[in-house]
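K.L.:
Generate a structure from the sequence data that follows.
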Amino acid sequence: MRSIAATAVAALLAFAAPVQASETLTPAQAGQVVDALVGSLSSYFDPAKAARVQAALRADRDRLSQISDRAALAEALSAVTLGVSGDQHLKVSVATASAQAPALSDAEQALLDQRLAYGLMSVRRLPANIGYLKLRYFEQTPAGAALIDSAMGMLQHTDALIIDLRENTGGGGAADERLLGHLARDPIVMAQLRWRRPDGREEIEQRKVSTPETGPLYPDKPLFVLTAKRTFSAAEEFAYDIQANRRGLLIGTRTRGGGNPSDRPAPPLGFGLTVFVPNGQAAHPLTGKGWEGVGVQPDVETSPEGALTEAYRRALAVAKPKVSTPRSEKERADAMADPAGALSADQKL
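P.N.:
Okay, here's the model as predicted:
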């Protein structure tokens, strides 16, 4: 599955860059982008739905061709694709800081992923020895698996683990497969993907976890996963996999509802614009269902702001320390008495 998180961040970087007069598009250039988008939809997994989106774009071509700002054009095009298809993955993005650059090079993409720490936002030990891992996206390359191994190596001796996906917008591949591989002795069952190939053939792929050769580092201790409306795509699959396998407890709010993946690079539309065109559908073999359009409903519903405190409170209640000292027992007692206060104090420098 192609990572969309890095593409989304690249788009944010592009929006932040100052746009010169030469960066605006002429009506002819904007029209070229619309035509390229219409053509790219031929690879969409649902040909009938693709035809409806293509017809809507053609009908609105004159208006869309008058939009000269790349970011505004991407937003307008996405409004059409999403409005007709209902597929939140089917979105146009600005991928480069300049309209003169057709796309990020492989070297630039690798550098971007490095600067984003392959999705890592935080790894730490919370008071009373509760582990915490926060990921912005799941890196698809082997570097993603290496990151997860390093993070889990630091967290393996905690008494319970909280995985924070509230700001995770997807990706998928090496990182999520390896993280799931660390979380159970018997492999967690992942989603099944149904791919549509260019010649119309269908292929079924059963995703599988990647268990380290030395074995999982966190196979049986309590696990909590935080979700929010922003949680999307591969992050939703991760949460769904955990829930379907009954490996941990989901806490937060219902996720966004994007279950149609792609296993190919986003087609370029010209002038630094790209579109994510799903050529697959996801469903879970343990439930026969997926999360497209409906999201993943957490086991414990709470506000995004209160999800960490709720998970931390529950983690403290079920954690079983293997050793205790007067100092560790005091830290644990203080945290259980005031979880929110303990978290707040831990954030102070």
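K.L.:
can we go C-alpha only for contacts and neighbour counts from here?
P.N.:
Noted.
K.L.:
Let me see the ranges of the helices in the stretch 151-300 of the chain.
P.N.:
174-181, 234-244 (DSSP state H, counting those that start in this stretch).
K.L.:
any chance of those in a markdown table, plus mean pLDDT and distance to Glu292?
P.N.:
Below are the helices of the stretch 151-300 of the chain laid out as a markdown table (pLDDT from 0 to 100; distance: least, CA to CA, whole Å):
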| stretch | mean pLDDT | distance to Glu292 |
| --- | --- | --- |
| helix 174-181 | 98 | 19 |
| helix 234-244 | 98 | 10 |
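K.L.:
Redo those helices as JSON lines? Include distance to Asp87.
P.N.:
JSON lines is the format used below for those (distance: least, CA to CA, whole Å):
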{"stretch": "helix 174-181", "distance to Asp87": "23"}
{"stretch": "helix 234-244", "distance to Asp87": "15"}
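K.L.:
Mean neighbour count for those - can I get that in TSV?
P.N.:
What follows is the helices of the stretch 151-300 of the chain, written out as TSV (neighbours: other CA atoms under 10 Å):
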stretch	mean neighbour count
helix 174-181	24
helix 234-244	24
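K.L.:
To Val80, which of the ones you listed lies closest?
P.N.:
helix 234-244 (23.8 Å; CA to CA).
K.L.:
Extract the C-alpha set from that closest one and format it as CSV.
P.N.:
Extracted C-alpha coordinates of helix 234-244, given in CSV (Å, rounded to 0.1, in the frame of the first residue of the first chain):
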residue,chain,number,x,y,z
ALA,A,234,-3.9,2.3,7.1
ALA,A,235,-4.2,3.7,10.6
GLU,A,236,-7.9,2.6,10.6
GLU,A,237,-6.9,-0.8,9.4
PHE,A,238,-4.4,-1.1,12.3
ALA,A,239,-7.2,-0.2,14.8
TYR,A,240,-9.6,-2.5,13.0
ASP,A,241,-7.1,-5.4,13.1
ILE,A,242,-6.5,-4.9,16.8
GLN,A,243,-10.3,-4.8,17.5
ALA,A,244,-11.2,-7.7,15.3
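K.L.:
For that helix, which helices and strands make contact with it?
P.N.:
helix 174-181, strand 249-252 (3 or more CA pairs under 8 Å, 6 or more residues apart in numbering; DSSP states H and E).
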